[in-house]
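J.: need the 3D shape of this:
(chains A and B)
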Amino acid sequence: MTAALANISALVLLMTVTAYSVAGGVDFGAGIWDLLAGRGKQANEARALIDHAMAPVWEANNVWLVFSIVVCWTGFPLLFQSVFASLYPLFSLALLGVILRGVFFAFRHIASGSRMERASSLVFGISSVITPFFFAATLGAIASGRVGVGGPTLSVWDACVSPMSISFGLVALAATAFSGASFLVGDARRYGIPEMVDYFRRRAVVATFVLVAFGTLGLITIGFEAPRLLSSMIGGLGTPFVLATMVLTPAVGYLLWRRRFFWYRVLTVGAVSSLVLAWGLAQAPHVLPETLTVSQAAAPVATHIALLVVTAALVVLVAPALGLLVYFDQRSALESTK
Amino acid sequence: MMRSVVRLATLLAADALLPSRIQMAFTLAYHILLVPFGVALPFYTLLMEGIGVFRRDPIALRIARRWSVVMAVQFAVGAVTGTILSFEFGILWPKMLGRFGAAFGLGFAIEGIAFFLEAIFIGIYLYGWRRLPPRIHFVLGLVLIPAGLLGAFGVLSANSWMNTPGGVTMDASGQLINVDALAALFTRALPYEFWHFVIAIYLTAGFFVASIYAVAWLRGRRDHYQRLAFAIPFTVAALLAPVEVVVGDLSARGLVTDQPTKFAAMEINWKTQSHVPEIIGGLLTDSGKVVLGIVIPSVDSILVGYSPDAVAPGLSSFAPDARPTTIEANITHLAFDLMVGLGSAGAALAAWYFFVLVRRRDLPQSRWFYRFAALAGVGAYVALESGWVTTEVGRQPWIVYNAMRVSDAVTSAPAAYVWTMLTVLVVVYAVIGITFVTLVLKLSAQWRRDDLAVLAEPPEEGVPYGPRPATFEAK
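T.: Model (predicted):
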């Protein structure tokens, strides 16, 4: 009973991390392209599109982050304590990105005067790189088995900095740039701006190649640092998702390259979520590889029942609301007042 | 001199406890500045929008729309500073969450749902002004009010749990073995903490918004726009001000049994006895004497039990390592006095307002009234922050009252690391604050110019940049 409930909570935790990677990832990707846009007329058009597309939804997307943290410390207090005790520098850097990104995106919105707007854009862009890199690096550090139970067993530096934490960070950057570009193609089509469709289509194709390259590099580092994890990725629970992401990522690239504008956004969501699930399920039943299992880290049973109730309430209350937001957004009923 | 500097430096570098406490206090105090705007400003904005939509008042609509622009930016700042706080639990206090997360965390799970609803509906509300039909826009916006209250409930449930922990069973080693979720969510302190805080933020948002238009009145603006934007929030805040005095009194009474050390610190009462005087201002010394301050005989006892014979708790009845230090007690006491003083002043201002409103059937016309109303915004904020100082410093040395000390929860990160992080956060938060204020001031100047342009409708002749009338040339 307890074990089953704890497994459900663990799945909820993994799903919220996945949801943040997908929904937040699209926004990070938009920020990365904003940073790389440079100057000129085309860059301004791209930024206006990014602004338009992100403004109504980015705050809702960011809530997944808070929710995953809350599920972690409530459902798996020991995991939460262990991860933060070893990896606090990575979290601090990611957090710095979270603050600057959110705030300066909002500032850019009401800034009058081009200097203030440019400065805000720059801060927003740079922090869009910092945040996903360091959040994903924490997952890489967890997967590498460098997080001690209850407190650090290695020096904090060694726990944080490893080939795996770096390669997870790079994969996250590529994946967010990939999903960001793919969704911006959709936004440009929705607003009817053909030049921007092409602009982001080209970038999506480039990002596909980068993601495939970094993904391969990621698998190699996993093979060196955490061979057990790799074996359950290629012959265990994670396998279907490894295969899914290996098929779906190039599929999105191909569709956009050939201008086949159907299914590409659904497949993008599939590719990015499979990436996260491939890691998460390959690690099961461990939350810290080889040292801490789901049931060892789990809170008492009543907490999991309460979490289940909260999750049900989330589905009942938030899902329709989120649906309404996406519905209005996709029908262009939401528009910046600037 | 040199030696004391070195000693100070070693002291600061030795322990992460001090910088962790400062960082938590700083980021929380900052976040609290945004809470009245996140939770209560939507209510005032929607009230204004309701007037605009249902009484067909275009000025009210313009006000609502402008308030919502400020709401948007401050919601973004509030959302990220709130996110920082949740991560700080892990970065600064990992052991508290490791031990008690299963119970303490539940309130935040509820807050998570509320945060989702707020973020979604604020997106719809802010960006739906132009394209959504007015009534639908208004009705969808209404969701923000219960969502904000639900979020406040979640956070206050967690804070109440720290003050009066409940719903947990621990084994001999202090390991949590069972949780009663409902008992952990609804602890003894929750009813009074919730109402005291919720009324406080509605009050603060109302007084603060109104204070901007009180300044406008003092500068000579007397149109429908100014009257509406002042009167609506001020009236609501003024209705709440006396209620808050009563709720605040009930909260203080709750502490007598729930957290006697906090109550004793608030009153800087040293000995548990009857006929305890109330001390206004004043400082407690290490030997338990009170210096300075106005002493009113027996009033503390009367506050505790409606009688001079009532026994009030004193600090000396508790072990020194289980009660606030003298410095902490003095901070708690002065913050408490400041809050009570400002709260009473707010209630007096409210009485003045309603007296004039009932007798003259019009808004006050006295410059002094508007001067005080202009101060009420800042005053409400200072009261809110001092109330928070009272409850947090008054709980010391506990992070979970009578169950875990702050020093047992703190991170094992080196002190230098936490000092660095604190410094970076102070700089970043300062930049955010300055930029935010600058941008809002620019916006408001822009709006004033827009309004003046509308007021000064160009007359037939003498348009500043238009073709000059023939009479001009004749002269």
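J.: and the closest residue to A:P300 other than its chain neighbours, what does it touch?
T.: Using Cβ to Cβ, 6 or more residues apart in numbering or on different chains and skipping residues adjacent in sequence, the residue nearest A:P300 is B:V179, 4.6 Å away. Quick note: C-beta positions are derived from backbone N, CA and C, even for glycine. Each residue near B:V179 by Cβ atoms under 8 Å, 6 or more residues apart in numbering or on different chains is listed here: A:A299, A:P300, A:A302, A:T303, A:A306, B:A102, B:A103, B:G167, B:V168, B:T169.
J.: repeat that for 10 Å
T.: B:V179 makes contacts with A:74, A:299-306, B:100, B:102-103, B:106, B:167-169, as judged by Cβ atoms under 10 Å, 6 or more residues apart in numbering or on different chains.
J.: okay, now the unreliable bits of chain B?
T.: B:1-14, B:454-475 (pLDDT under 70).
J.: do the host helix or strand of B:V431 and chain A meet at all?
T.: In this structure, B:V431 sits in helix B:415-455 according to DSSP states H and E. Yes: contact check for helix B:415-455 against chain A, using Cβ under 10 Å from any Cβ of the partner chain: residues in range are B:417-418, B:420-421, B:424-425, B:428-429, B:431-432, B:435-436, B:438-440, B:442-443, B:446.
J.: circling back to that earlier point, next step: the contacts of B:V179 restricted to strands.
T.: For those, the ones inside strands are B:V168, B:T169, with DSSP state E as the criterion.
J.: which among the contacts of B:V179 gets closest to B:F355?
T.: Sorting the contacts of B:V179 by how near they are to B:F355, with Cβ to Cβ, puts B:L106 at the top with 45.9 Å.
J.: quick check, that closest one in contact with A:V310.
T.: Yes: with contact taken as Cβ atoms under 10 Å, B:L106 and A:V310 are classed as touching, separated by 8.0 Å.
J.: between those two, which is the more surrounded one?
T.: Neighbours were counted for B:L106 and for A:V310 using other Cβ atoms under 10 Å in any protein chain shown; B:L106 has more, 29 against 23.
J.: what angle do the helix or strand that contains B:F230 and helix B:415-455 make?
T.: Secondary structure assigned from DSSP H and E places B:F230 in helix B:224-258. Taking axes from the mean of the first three to the mean of the last three Cα atoms, to 10 degrees, one finds helix B:224-258 and helix B:415-455 inclined to each other by 150 degrees.
J.: which elements pack onto the next helix or strand after helix B:224-258?
T.: Along the chain past helix B:224-258, the next helix or strand (assigned with DSSP H and E) turns out to be helix B:260-266. Other helices and strands packing on helix B:260-266, by 3 or more Cβ pairs under 10 Å, 6 or more residues apart in numbering or on different chains; DSSP states H and E, are helix B:224-258, helix B:299-305, helix B:326-360, helix B:367-394.
J.: out of the ones you listed, which is closest to B:I32?
T.: Of the helices and strands packed on helix B:260-266, nearest to B:I32 by Cβ to Cβ is helix B:367-394, at 5.8 Å.
J.: contact partners for A:P250?
T.: A:T208, A:F209, A:L211, A:V212, A:W257, A:A271 are the contacts of A:P250 under Cβ under 10 Å, 6+ apart.
J.: just the buried subset of the residues you listed, please.
T.: With burial judged by 16 or more other Cβ atoms under 10 Å in any protein chain shown, the buried subset of the contacts of A:P250 is A:T208, A:L211, A:V212, A:A271.
J.: which element, helix or strand, includes the last one?
T.: What that stands for is A:A271. Take DSSP H and E as the rule and A:A271 turns out to sit in helix A:264-283.
J.: same deal with the first one?
T.: Assessed by DSSP H and E, A:T208 sits inside helix A:194-225.
J.: residues of that helix that come out buried?
T.: Neighbour-count burial for helix A:194-225, counted by 16+ other Cβ under 10 Å, picks out A:196-197, A:199-201, A:203-205, A:207-208, A:210-212, A:214-215, A:217-219, A:221-222, A:225.
J.: ok, now stretch A:120-135?
T.: By 16+ other Cβ under 10 Å, the buried positions in stretch A:120-135 come out as A:120-121, A:123-135.
J.: between the contacts of A:P250, which sits nearest chain B?
T.: For chain B, the closest of the contacts of A:P250 turns out to be A:A271, at 25.0 Å, with distances computed as Cβ to the nearest Cβ.
J.: which ones are touching that closest one?
T.: With contact set as Cβ under 10 Å, 6+ apart, A:A271 has these partners: A:22, A:175, A:178-179, A:182, A:208, A:211, A:215, A:244-253.
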